[in-house]
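**Student:** Here is a sequence with its predicted model. Questions after.
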Amino acid sequence: MTAAVYWPVRQHAFIYYDDPQFITENEEVKAGLTTHGFRYAFTHPVVGNWHPVTTLSHMLDCQLYGVHPGRHHLTNVALHAANAVLLFLLLAQMTGALWRSAAVAAFFALHPLRVESVVWISERKDVLCALFGLLTLIGYARFAQWKIQKSKSKLKEGELGRGGQVWYVVTLVLYALGLMSKAMLVTWPFVMLLLDLWPLKRLELSTFRFRLSAFKGLALEKVPFLALSAVFCGITLLVQQGAGAVSGISKIGMADRLANAVMSYVRYLANTLWPAKLAVIYPHPAVYYATAERWSGWQIGLAALTLLAVSAACLRSLRSRPYLAVGWFWYLGTMLPVIGLVQVGEQAMADRYTYLPLIGPVISVVWGIADFSTRWSGRRPLLWGLAVGLLIVGSVATRQQVDYWSDTVRLFQRTLAVTSANPSAHFAVGVGLEKTGEIEAAIRQYRAAIAIDSGYPKAHYNLGQLFRKQERWPEAALHYRAALAANPADVYSHLNLATVLQALNQTRAAVLEFEAALRLDPDSIEALNNLAWILATSSEDELRDGPQAVVFGEKACALSNGSLPTAVGTLAAAYAEAGRYADAVKTGERARDLAAAAGQAALAQRNEELLKRYRAQQPYRERKAIEVGR
């Protein structure tokens, strides 16, 4: 059933939102499984996340299928289907309730909220993390049941064999693999304690007071898991702060984060019941765009009271119906790392965050309905009808949501239709349109993003790129400067602005931008090469500096292993300006030969012409600039 609902993804494209960084523009990943790629997976974060197991899984896909989006999609679908089976096995193993377990697994498999995690190739980390997370819980349940059997049989250590210790070690390894797929599992030790309460029943609930000694023993079992969680929490925060993904207090204050967290807890549940307006990006209400949807104080207060009331009701029924508390606190606890108290990214909430947390409330509802209906006459046909009806509705709604993910433009146009004041969605539509060659339509979308958020750096940068390619130099410069005003550390904006300034005959200003790029990235071959060319060939005497041009040119060639004919040609010009004509001739000949070998006939001819000057012991000079507009 899951495969049938998700089958259209075989025709879906990559989404120009994280997929390029993870796969299509990531040369290490596209190379497949290699020794160097293995090292890369463990030493290089991708899009602000360190998840080496996920990176290796993308490499394996590229090894098997190349860069074929449909097959990458189907891998995600297969993992999702496997997760539904594992969820069924986990619940059936712990409770023995086959039909209830099947209902929970079916709801998990065929709910529209799952689509983002399954159909978005970049969210491989969700389905892979869940795979190892559910295997971890299955292993933990086996270990716990071994401990229970050992306790009841009162046998001495070793008389039941070492199966329990083996399961414990296996569980710990699976947990580490899950964390290396996505750090979402950091709350899993808390889930294990909940499962100890119910359905494993390792804590006595005949009275409300737990036996402290029993709880202490269970808590000690979780120490290695907690230690792994602490390590991965630290790694995640450091990596995301380094990538600029974690918002500072100055951007979104704690009061705003708390309000959004409370509302998000309730909104996720509302979307579970009525998934009609799902979006890939929900704008954060604390970013006060002119038309943004904001929550009033009474709404936030009502949501907080609702959460408190449900929590109190679950605790009150802890002895009689422990599954209510276990399911509810599963949801609250596992959602905590992504609820926005530590703001990561721009979104207020995300459907993908619900992949594991919403298992909890579904368990509570399914077991609750089964218990409350025990006195109904003829309940079996009624429950079957309800289950089949929900399964059909869920399948239809899920299939519709799957269709929205067919390509970038359709996905983000849908997002624009169900959200307001969403500059990121406009930007993404623009990217999709640009990729299909609809340049003017893309420009309109980028301008729509800027109309909502005048400091949106990515939209300014892309407009700069488009205008530069169209040789609309003043407009390109304007947008590159706006991008730099929002993000002064953007090396590419500095480099491209410098190129535009050269076209505008503003060479001095271009030098300043190249120098700014070098301060940010001392190994930028483009900045080194262009600076070396200006210092070697400028028509302005005060700008030329032969020895410094040689320094920059030699470094650019060293970084490119002397394989770029443009860099080698620039170094030849630098040698000539420094009066080292023998080196200029030798280097110019190498530049000519490299260009010819690369099939760059025009560049080879250009280097041959320059060689005539070097052999005559004459440096090359650019023609004196004529001011634009005169």
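**Tutor:** Perfect, thanks for sending it.

**Student:** ok, and the closest non-adjacent residue to Lys147?
**Tutor:** Excluding the flanking residues, the one nearest Lys147 by Cβ to Cβ, 6 or more residues apart in numbering is Gly164, at 6.1 Å. The C-beta positions use only the backbone N, C-alpha and C, and glycine is treated the same way.

**Student:** I'd like to know which elements the helix or strand harbouring Ala227 is packed against.
**Tutor:** When elements are assigned from DSSP states H and E, Ala227 belongs to helix 223-242. Contacts defined by 3 or more Cβ pairs under 8 Å, 6 or more residues apart in numbering; DSSP states H and E place helix 223-242 against helix 163-179, helix 188-197.

**Student:** who wins for proximity to Glu471 among the ones you listed?
**Tutor:** Closest approach to Glu471 among these (Cβ to Cβ): helix 163-179, 49.9 Å.

**Student:** For this structure, give me the ranges with low pLDDT.
**Tutor:** 154-162, 205-213, 242-251, 288-293, 343, 377, 624-630 (pLDDT under 70).

**Student:** In contact with Leu56: list those residues for me.
**Tutor:** Leu56 is in contact with 33, 37-38, 41, counting by Cβ atoms under 8 Å, 6 or more residues apart in numbering.

**Student:** Could you measure from it over to Ser181?
**Tutor:** For Leu56, the distance to Ser181 equals 10 Å [Cβ to Cβ, to the nearest Å].

**Student:** Likewise for Ala573?
**Tutor:** Distance of Ala573 to Ser181, given as Cβ to Cβ: 51 Å.

**Student:** the more surrounded of those two?
**Tutor:** Ala573 (30 against 26; other Cβ atoms under 10 Å).

**Student:** show me the residues around that one that make contact.
**Tutor:** Neighbouring residues of Ala573 by Cβ under 8 Å, 6+ apart: 532-533, 536-537, 549, 553, 584, 610, 619-620.

**Student:** count of neighbours near Pro275?
**Tutor:** 19.

**Student:** Wasn't it part of a helix?
**Tutor:** No. Read with DSSP: H, G, I helix; E, B strand; the rest coil, Pro275 is coil and lies in no helix.

**Student:** Leaving out sequence neighbours, find the closest residue to Met94.
**Tutor:** Using Cβ to Cβ, 6+ apart, the closest residue to Met94 is Pro199 (4.6 Å).

**Student:** Tell me which residues touch that neighbour, please.
**Tutor:** Contacts of Pro199 (Cβ under 8 Å, 6+ apart): 94-95, 323, 326.

**Student:** I'd like the residues you listed as TSV, with neighbour count appended.
**Tutor:** Below are the contacts of Pro199 laid out as TSV (neighbours: other Cβ atoms under 10 Å):
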residue	neighbour count
Met94	20
Thr95	16
Tyr323	23
Val326	24
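
**Student:** Which of those sits closest to Ala219?
**Tutor:** Val326 (16.8 Å).

**Student:** For that closest one, pull up the helix or strand it's in.
**Tutor:** Assigned by DSSP H and E, Val326 belongs to helix 322-335.

**Student:** what inclination does that helix have with respect to helix 188-197?
**Tutor:** Going by axes from the mean of the first three to the mean of the last three Cα atoms, to 10 degrees, helix 322-335 is angled at 180 degrees with respect to helix 188-197.

**Student:** Work out the gap between helix 322-335 and the centre of the chain.
**Tutor:** 26 Å (Cα atoms, centre = their mean, to the nearest Å).

**Student:** what does that helix rub up against?
**Tutor:** Against helix 322-335 from outside (Cβ under 8 Å, 6+ apart): 184, 187-188, 190-191, 194-195, 197-199, 205, 265, 268, 307, 310-311, 313-315, 317-318, 353-354, 356-365, 367-368.

**Student:** hmm, try it at 6 Å
**Tutor:** 187, 190, 194, 197-198, 314, 317-318, 356-357, 360-361, 363-364, 367 (Cβ atoms under 6 Å, 6 or more residues apart in numbering).

**Student:** Compare those residues and tell me which has the most neighbours.
**Tutor:** That'd be Ile363 among those, by other Cβ under 10 Å, with 28 neighbours.

**Student:** Now do the same contact list for that one.
**Tutor:** Ile363 makes contacts with 104, 327, as judged by Cβ under 6 Å, 6+ apart.

**Student:** I'd like the distance between Arg294 and Gly340.
**Tutor:** Counting by Cβ to Cβ, the gap from Arg294 to Gly340 is 15 Å.

**Student:** Which of the two has more residues huddled nearby?
**Tutor:** Gly340 (28 against 12).

**Student:** wait, what's in contact with that one?
**Tutor:** Here Gly340 is in contact with 257, 260-261 (criterion: Cβ under 6 Å, 6+ apart).

**Student:** Among the residues you listed, which one is most surrounded by other residues?
**Tutor:** Asn260 (25 neighbours).

**Student:** mind listing what it touches?
**Tutor:** Counted by Cβ under 6 Å, 6+ apart, Asn260 has contacts 340, 348.

**Student:** Return the set of buried residues in whatever helix or strand it lives in.
**Tutor:** For Asn260, the host element (DSSP H and E) is helix 254-273. Across helix 254-273, burial judged by 16 or more other Cβ atoms under 10 Å covers 256-257, 259-269, 271-272.

**Student:** picking that back up, now do the buried residues in the helix holding Ala227.
**Tutor:** Across helix 223-242, burial judged by 16+ other Cβ under 10 Å covers 224-225, 228-229, 232, 235-236, 239-240.
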